[in-house]
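Trainee: model this:
(one chain, ligands or ions: 3)
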Amino acid sequence: MIVTTADLYKVAYGKFAVGAYNINNAEQTMGLFRGCIQSHAPFIIQISKGARKYTDKRMLEAIIRSAGEIFPEAIYAVHLDHGDEETCYECIDSGFYSSVMIDASHETFDENVAITRRVVDRAHARGISVEAELGMLGGVEEDIAVDEGHACLTNPEEAVEFVKRTGCDALAAAIGTSHGAYKFKGQQSLHFNVIEEIQRKIPGTPIVMHGSSSVPQEEVRRINAAAGKLDPSARGVNEEEYLPAAKLGVTKVNIDTDGRLVWTRVHREYFRDHPGEFDFRPPGKIFMDEYAKFIAHKNGKLGSAGQLSAIRDWLSERATETVAATAMAAMT
Ligand code: G3H
Ligand code: 13P
Ligand code: ZN
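Mentor: Ligands and ions are numbered 1, 2, ... in the order given. Purely as a prediction, here's the structure:
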């Protein structure tokens, strides 16, 4: 069942983080749904501009609709990841998305506010929530490269003004992470002081952590043992920091790179071990199983595993209250 991202935030805020996983194809989608069902977790499906172009945006929507029929017990939201203004409008108007992200973080503060405000107005008119970014992560975001020297952490003072002026529903904050496989050199830790300060200043606003992959060393080792050439110094976010961050308001945790590593490891090992093989379905099946395992593991670390019933209870309580309120209104 597709729910609003805002509903997921309401149940999760301050308690656990909802995993937001990028998808590009049917295999990832199957693995994602299976992993979330196995771990009884709600989740957010993220679609980037690149993913919308990879096959065709209608193809992805159809895949998600089919997955919803195959797994009727799943509870999830559908989100546009790193949208520009035009793509946000397309997704808002499509009626398929639960939320959009407007990423104007590379603009000046005032321009970022102005663009975000326009998107918020249009999204809220359709009941869709908006995530907006303030501060800059290092690494590459879609076609915009931000080298580490230009990455800057979110200023909590500015965050207050930004949320107030834009009316955004969730804040993507730069708290020490970056996109891709090479996030940390040396110390591998989130800037908890920045997260704490943001939460103290704007309590109740869900914080979104981009660049949250953990880049497991074992995956990098196995990929390289199968003729990959990843830099073995690759480091990601320490998974043990997901839950402490969630308790401080980090409610949506974006993970893409780790899933790509699973795909690369499975396919490299498969074709190394079966050099005469050219049917893509055997490794595809292994990938779906491995991806499901990976998702269930992540949900365990995020604290979202086991939360499906909490979401269901909350949704049914709200439905009961709405029915009661409608009945009262009809009597008066
Ligand atoms: O933050 C970006 C996500 O990892 C999506 O990556 O733009 O290559 O689909 P993509
Ligand atoms: P990773 O590159 O760490 O997986 O981050 C993904 C992300 O932030 C998508 O928006
Ligand atoms: Zn991101």
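Trainee: For the rest of this, base every contact and every neighbour count on C-alpha atoms.
Mentor: Noted.
Trainee: how many neighbours does Ala319 have?
Mentor: When neighbours are defined as other Cα atoms under 10 Å, Ala319 has 12 of them.
Trainee: Check which helix or strand it maps to.
Mentor: For Ala319, the host element (DSSP states H and E) is helix 308-331.
Trainee: Give me the contact list for that helix.
Mentor: For helix 308-331, the surrounding residues in contact (Cα atoms under 8 Å, 6 or more residues apart in numbering) are Leu8, Val11, His40, Ala41, Pro42, Ile75.
Trainee: cutoff 7 Å now
Mentor: Under the contact criterion Cα atoms under 7 Å, 6 or more residues apart in numbering, helix 308-331 has outside partners Val11, His40, Ala41, Pro42.
Trainee: OK, contacts around the residue lying closest to Lys293 once chain neighbours are set aside?
Mentor: Excluding its sequence neighbours, the residue lying closest to Lys293 (Cα to Cα, 6 or more residues apart in numbering) is Gly35, at 5.9 Å. Counting by Cα under 7 Å, 6+ apart, Gly35 touches Ala292, Lys293, Ile295, Ala296.
Trainee: In CSV, could you pull the C-alpha coordinates for the strand or helix carrying Gly35?
Mentor: Secondary structure assigned from DSSP H and E places Gly35 in helix 26-38. C-alpha atoms of helix 26-38 as CSV (Å, rounded to 0.1, in the frame of the first residue of the first chain):
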residue,chain,number,x,y,z
ALA,A,26,12.6,-4.8,-11.7
GLU,A,27,15.3,-6.9,-9.9
GLN,A,28,16.1,-4.1,-7.4
THR,A,29,12.4,-3.6,-6.9
MET,A,30,11.7,-7.3,-6.2
GLY,A,31,14.7,-7.5,-3.8
LEU,A,32,13.6,-4.3,-2.0
PHE,A,33,10.0,-5.4,-1.5
ARG,A,34,11.1,-8.9,-0.4
GLY,A,35,13.7,-7.5,2.1
CYS,A,36,11.1,-5.1,3.6
ILE,A,37,8.5,-7.9,3.9
GLN,A,38,11.0,-10.2,5.5
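Trainee: Specify the angle between the helix or strand following it and helix 308-331 in degrees.
Mentor: Sequence order places strand 43-48 as the next helix or strand after helix 26-38, per DSSP H and E. Strand 43-48 runs at 90 degrees relative to helix 308-331, counting by axes from the mean of the first three to the mean of the last three Cα atoms, to 10 degrees.
Trainee: can you pull out the helices in the stretch 101-250 of the chain?
Mentor: Taking DSSP state H, counting those that start in this stretch as the test, the helices found in the stretch 101-250 of the chain are 109-124, 156-166, 192-201, 217-225, 242-247.
Trainee: could the contacts of Gly35 go into TSV alongside secondary structure?
Mentor: Below are the contacts of Gly35 laid out as TSV (DSSP: H, G, I helix; E, B strand; the rest coil):
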residue	secondary structure
Ala292	helix
Lys293	helix
Ile295	helix
Ala296	helix
